[in-house]
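Novice: show me the folded form of this:
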Amino acid sequence: MISRLLVKKILEQARSYEWSFQGLGMLRCYLSKEVRLHVWDPRLAFPGVSTRHTHPWNFRSQVIVGRLKDEVYDWGFSTKELTATHHRQMIQCGPGGRAKGEIQDVRLNQCDSRIVGDSYGGRGYQTGYSLSREAIHESIPEPGTVTIIERQFGGDPDHAYVFWPYGTNWVSAEPRPATYGEIEGMTKTALERFR
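Specialist: Presented below is the predicted three-dimensional model:
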C-alpha cells in the first residue's frame, strides 16, 4: 500500500499529475493500471447522480485521511410481493460511458454498513475494506477524504451496474478531465485533513 507521506506529496504537487473528475464528487489519479488515488468531496457530485453501483473488478480501498461510510446492499427483482425501490441498468464504464441494455425494476436491501477512516471521538475505525465486483455498494465520504484503491482485474473489465431510486431518471457520473479549479480546491480540502 502507498504511504500517507507519498500521498501528501502527490497532493502538494497535484498540478504535476493528470486528474479526472467523476460525477460522484471524486478526483482520481492513476498511479498505475491497478492503483488509483481518489480525493472526495460529495458536495461537488452531479445533482441526482447514481451512487449505488457495482464495479467491473474486485478491489481493496484504503482510507489515507478522512472518513467515509460504506454501505453494501443485496437485491432482488421486483414482484407483486416485493415493491421496487430502485432501477438497475448495466453501464459501459469510463470515458464515453453509457447505459446499456434494459432497465430493470429491483428492490435493494442494505445488508452491511461500516465507517472507515480516521477515529472520531476516541473510537477507532478500520482504515480499509475489500469488495468483490458483484457487490452493490455506496460510499458516503466526508469532504477531503482521500483513498487509495487497488483493483484486481478479471471477468468483464468494462461493465458494471448502477442503481438509482425508483421513479427517477439515471444521471451519469462519467469521468472527464478535471479543471484546475477542481484540482486546487479539492486537494486543498484534503491537505487540511493531514494536519
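
Novice: can you show me the strands along this protein?
Specialist: Assigned by DSSP state E, the strands in the chain fall at 20-22, 26-30, 35-40, 52-53, 58-65, 67-77, 86-92, 98-117, 128-131, 136-141, 146-152, 159-165, 176-177.

Novice: using PDB, list the CA coordinates for the fifth one.
Specialist: If I follow you right, that is strand 58-65. Output of strand 58-65 as PDB, limited to C-alpha atoms (Å, rounded to 0.1, in the frame of the first residue of the first chain):
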ATOM      1  CA  ASN A  58     -12.600  -6.700  -7.300                       C
ATOM      2  CA  PHE A  59     -10.900  -4.100  -5.100                       C
ATOM      3  CA  ARG A  60      -9.400  -3.000  -1.900                       C
ATOM      4  CA  SER A  61      -9.900   0.500  -0.700                       C
ATOM      5  CA  GLN A  62      -7.600   2.200   2.000                       C
ATOM      6  CA  VAL A  63      -8.600   5.500   3.600                       C
ATOM      7  CA  ILE A  64      -5.400   7.600   3.900                       C
ATOM      8  CA  VAL A  65      -7.100  10.600   5.600                       C
END
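
Novice: identify each buried residue in it, please.
Specialist: Across strand 58-65, burial judged by 16 or more other CB atoms under 10 Å covers N58, F59, S61, Q62, V63, I64, V65. Quick note: C-beta positions are derived from backbone N, CA and C, even for glycine.

Novice: run me through the strand neighbours of it, direction for each.
Specialist: In the sheet, strand 58-65 lines up against strand 128-131 (antiparallel), strand 146-152 (antiparallel) (DSSP bridges).

Novice: what's the burial count for T85?
Specialist: Neighbour count of T85, defined by other CB atoms under 10 Å: 17.
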